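K.L.:
One predicted model, sequence on top.
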Amino acid sequence: MSTQSDAPEYSSDLDDQMCFALYAASRAVTALYRPVLDKLGLTYPQYLVMLVLWQQGAVPVKDLALALHLEYGTLTPMLKRLEAAGVIRRERSIADERVVMIVLTDAGVELRSRAKDVPAYIGAGMDLEPVEFADLRAALRKLTANVERATEEAASAPAG
């Protein structure tokens with residue numbers, strides 16, 4: 001059980017803000033991806049979509065949105081651009097016509113081989129030891145889960 005003396009001290013200084021550290025790190029990592037993804041004709045969010053499809057194959061839009069923690073309104077324009085680029089297509093599910101499946105085209109499958117070196121390039125740019133990389137990823141996953149849970153609890157709390 002936590003006591004008042006166990007609580008961390010919080011500062012309002014910009015450099016002490018967790019949100020700012022996450023924001024700056026996210027911008028830096030996204031900037032690292034930009035030149036290599038530009039050569040593939042992808043933005044960073046589009047690359048994330050492609051990673052899911054390369055791993056899972058055809059995916060319902062709903063599952064894609066869940067995997068990427070995105071709203072449909074954010075995902076739909078991205079899928080339209082990927083479809084216009086010829087790397088995916090949207091199809092109605094044969095089992096349930098209400099379900100839209102996202103399917104890789106031949107060009108989307110081929111793009112995977114052109115993107116195979118992206119993780120190594122990004123890993124080298126991050127310059128973390130394997131244990132540091134794994135620990136940071138685990139901490140970020142825990143942070144995400146904790147914040148999502150807190151957000152859900154706050155949304156369902158009675159107004160007071």
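P.N.:
Here it is on my side, so go on.
K.L.:
so what secondary structure elements neighbour the longest helix anywhere in the chain?
P.N.:
As assigned by DSSP state H, the longest helix anywhere in the chain is helix 130-156. Identification of packing neighbours for helix 130-156 by 3 or more Cβ pairs under 8 Å, 6 or more residues apart in numbering; DSSP states H and E yields no helix or strand. Heads up, the C-betas are built off the backbone N, CA and C, glycines and all.
K.L.:
at 10 Å what do you get?
P.N.:
helix 18-40, helix 118-126 (3 or more Cβ pairs under 10 Å, 6 or more residues apart in numbering; DSSP states H and E).
K.L.:
Quickly note the distance from residue 88 to residue 42.
P.N.:
Residue 88 sits 11 Å away from residue 42, going by Cβ to Cβ, to the nearest Å.
K.L.:
which residues are in contact with both of these two?
P.N.:
Residues within reach of residue 88 and of residue 42 at once, by Cβ atoms under 10 Å, 6 or more residues apart in numbering, are 49-50, 81-82, 111.
K.L.:
ok, these vs residue 141, which is closest?
P.N.:
Closest approach to residue 141 among the shared contacts of residue 88 and residue 42 (Cβ to Cβ): residue 49, at 19.7 Å.
K.L.:
mind listing what that closest one touches?
P.N.:
42-43, 59, 64, 67-68, 70, 75, 78-79, 81-82, 87-88, 102, 108.
K.L.:
ok, now residue 72?
P.N.:
So residue 72 contacts 61-62, 64-65, 79 (Cβ under 10 Å, 6+ apart).
K.L.:
Give the buried subset of the residues you listed as a PyMOL selection command.
P.N.:
Here is the PyMOL command that selects the buried residues among those (16 or more other Cβ atoms under 10 Å):
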select buried, resi 61+64+65+79
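K.L.:
Export the contacts of residue 72 to CSV and append columns for pLDDT and secondary structure.
P.N.:
Below are the contacts of residue 72 laid out as CSV (pLDDT from 0 to 100; DSSP: H, G, I helix; E, B strand; the rest coil):
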residue, pLDDT, secondary structure
61, 95, helix
62, 94, helix
64, 96, helix
65, 96, helix
79, 97, helix
